[in-house]
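# this one's structure only:
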């Protein structure tokens, strides 16, 4: 099990989330047919985890321990045939359970090798095994299905390209690619096998473990992630790519997946990675995974996906045109995405209300890197202190428009309050305790929750322990308060009055993920 259940957020953390956490389990349909009476004696797995931001996401009754995804891409139809094999650890007797699933054409489901009844309802795949599952059982669930990466859905992780596809599951769309328990609190092991026409290349998270030449001029590529992943971090890509290998610090293998026609043009950006890793390791410790690299997705369509970079584990997805810019225009955001290897991937958010831990840290170190290199930011400012003074002045307006830093909703999840607002919290805490204590808090948090998910309360606990003082009041006010607290060390800083009719968004693109980063 790679899930920690302890939730230690201070009382203030319950503001704005209590109602969501108390959401009742959706009504359950009664089983019918032979054996229905006996099956009712077992428990129907609740179809929601009560996430504060996405209350219907995820499922209870089990934990996923591993996924094996076997996909085959047809370049003629541009569709995917797939089998997902999940290992589930059952925590209560289950006569029925659910996986998250949207836009997948399910053909068959089995549990422990025996055909199971199933039904697709909204974004759930309801599975009724032939026999109820006892508590503590380790069940193998196999789902055979097909998918169309170009299908129009309410939301999707598929990124269609002229020669294949990539995936961008964050935050709640992994289940449009494979049926899963689609919540970052349920991290699991992943292996992949992706079959493609021999003229194309398939790549997934982790390291290549095998290549098979198949009949029909096809090739199958197998990958394994050495560390557990949240479903939102899965990357599977198919296209006309070349693999560019290089060595990072202390022998770290770096692997870039590059459109063949652009390999030369993209090389200056790709060559920056070893230096970025070295800089960050000096602050956060050794890079935590088996490899790292960039995936400039093979599409120039500006609408292909609504962000610049996305931190899928061990392989960051990018818009290729972004990486064709000079270093001073891309280096800070490349650092932002690399930081997610630590905050977001190594330690995942326990709920989507904890997103500030990802984005606040990514922007914090991304901005530090920018200013150390002497590059002015988008406001023309050249120091973290100057940027934080500007952000501080906007604090009450942002809390009015977007709520407190750690109380987002689905509409404003990816706006500036989670990014720069998160940086402001970290800056205030560093001002309070000093740089040395702050740095120890950062490393202790990452080590303690390595390969797990963590709450905002977990970060506050570590901050209190390392600093030797209860930080729940200080950090609680900064994270959950409706007014911006006074900034330690800067009694002269002031907050602008709130304009109740304020209409201009404080995000570049109306909340599109990662476009609100100050590192762009």
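Sure, I can see it. As the structure is a computational prediction, the values presented were derived from the model and not from experiment.

# C-alpha from now on. contacts and neighbour counts both.
Noted.

# now stretch 196-209: how far from the chain's centre is it?
22 Å (Cα atoms, centre = their mean, to the nearest Å).

# buried set for it?
Neighbour counts over stretch 196-209 (16 or more other Cα atoms under 10 Å) mark 196-197, 200-208 as buried.

# what sits up against it?
Around stretch 196-209, the neighbours that count as contacts under Cα atoms under 8 Å, 6 or more residues apart in numbering are 72-75, 163, 192, 194-195, 217-226, 234-242, 257, 290-291, 312-315.

# now a ChimeraX select for only the buried ones of the residues you listed.
Buried residues within these, by 16+ other Cα under 10 Å, are selected in ChimeraX with:
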select :72,73,75,192,194,195,218,219,220,221,222,223,224,225,234,235,236,237,238,239,240,241,242,257,291,312,313,314,315
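
# what confidence value was assigned to residue 161?
At residue 161, the model reports a pLDDT of 95.

# now it: phi and psi?
Backbone torsions of residue 161, given as degrees, to the nearest 10, read phi -130, psi 170.

# so how far is residue 298 from it?
6 Å (Cα to Cα, to the nearest Å).

# out of the contacts of stretch 196-209, name the ones that lie in strands.
72-74, 192, 194-195, 218-224, 236-239, 241-242, 257 (DSSP state E).

# what about stretch 220-228, average pLDDT?
On average, stretch 220-228 scores 98.

# listing request: residues of the protein with sub-threshold pLDDT.
For the chain, applying pLDDT under 70 flags the ranges 1-42, 501-515.

# now the strands for the stretch 251-400 of the chain?
Secondary structure of the stretch 251-400 of the chain by DSSP state E, counting those that start in this stretch: the strands cover 253-259, 294-296, 309-310, 316-318, 348-349.

# would you turn these into a markdown table with distance to residue 420?
Shown next, in a markdown table, are these (distance: least, Cα to Cα, whole Å):
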| stretch | distance to residue 420 |
| --- | --- |
| strand 253-259 | 29 |
| strand 294-296 | 24 |
| strand 309-310 | 17 |
| strand 316-318 | 21 |
| strand 348-349 | 18 |
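
# my read: residue 496 touches residue 400, true?
No - using Cα atoms under 8 Å, residue 496 makes no contact with residue 400, being 11.9 Å away.

# list the contacts for residue 362?
Per Cα under 8 Å, 6+ apart, neighbours of residue 362: 335-340, 343, 419.

# if you set the cut-off to 6 Å instead, what comes out?
Residue 362 makes contact with 336, 339 under the criterion Cα atoms under 6 Å, 6 or more residues apart in numbering.

# residue 343 versus residue 130, what's the distance?
Going from residue 130 to residue 343 by Cα to Cα gives 41 Å.

# who has more neighbours out of these two?
residue 343 (24 against 17; other Cα atoms under 10 Å).

# excluding its backbone neighbours, what's nearest the more buried one?
Nearest non-adjacent residue to residue 343, counting by Cα to Cα, 6 or more residues apart in numbering: residue 358, 5.0 Å away.

# how about residue 197, phi and psi?
phi -60, psi 150.

# for it, list each beta-bridge partner.
Beta-bridge partners recorded for residue 197 (DSSP bridges): residue 218.

# what separation do you get for residue 336 and residue 516?
12 Å.

# okay, these two: which has more neighbours?
Neighbour tally, residue 336 and residue 516, criterion other Cα under 10 Å: the higher count belongs to residue 336, 30 against 24.

# residue 111: what's it in contact with?
140-141.

# quick check: phi and psi on it?
phi -130, psi 120.

# quick one: it from residue 320, how far?
Residue 111 is 42 Å from residue 320, by Cα to Cα.

# equivalent analysis for residue 481, please.
Using Cα to Cα, one gets 40 Å for the distance from residue 481 to residue 320.

# try residue 310
Distance from residue 310 to residue 320, counting by Cα to Cα: 12 Å.

# which one of these two has more residues nearby?
Remark: of residue 310 and residue 320, residue 310 carries more neighbours, 25 against 22, as counted by other Cα under 10 Å.

# correct me, but the more buried one touches residue 334?
No - Residue 310 lies out of contact with residue 334 (Cα atoms under 6 Å); the separation is 10.2 Å.

# I'd say residue 95 and residue 132 touch.
Yes - between residue 95 and residue 132 a contact is recorded at 4.3 Å, counting by Cα under 6 Å.

# quick one, which of these two is more surrounded?
Between residue 95 and residue 132, counted using other Cα under 10 Å, residue 95 has the larger neighbour count: 23 against 19.

# how about that one, secondary structure?
Under the three-state scheme (DSSP: H, G, I helix; E, B strand; the rest coil), residue 95 adopts strand.

# and it, how far from residue 181?
Taken as Cα to Cα, the span from residue 95 to residue 181 is 17 Å.

# so which bits of stretch 385-404 are buried?
Buried-residue list, stretch 385-404, by 16+ other Cα under 10 Å: 387-399, 401-404.
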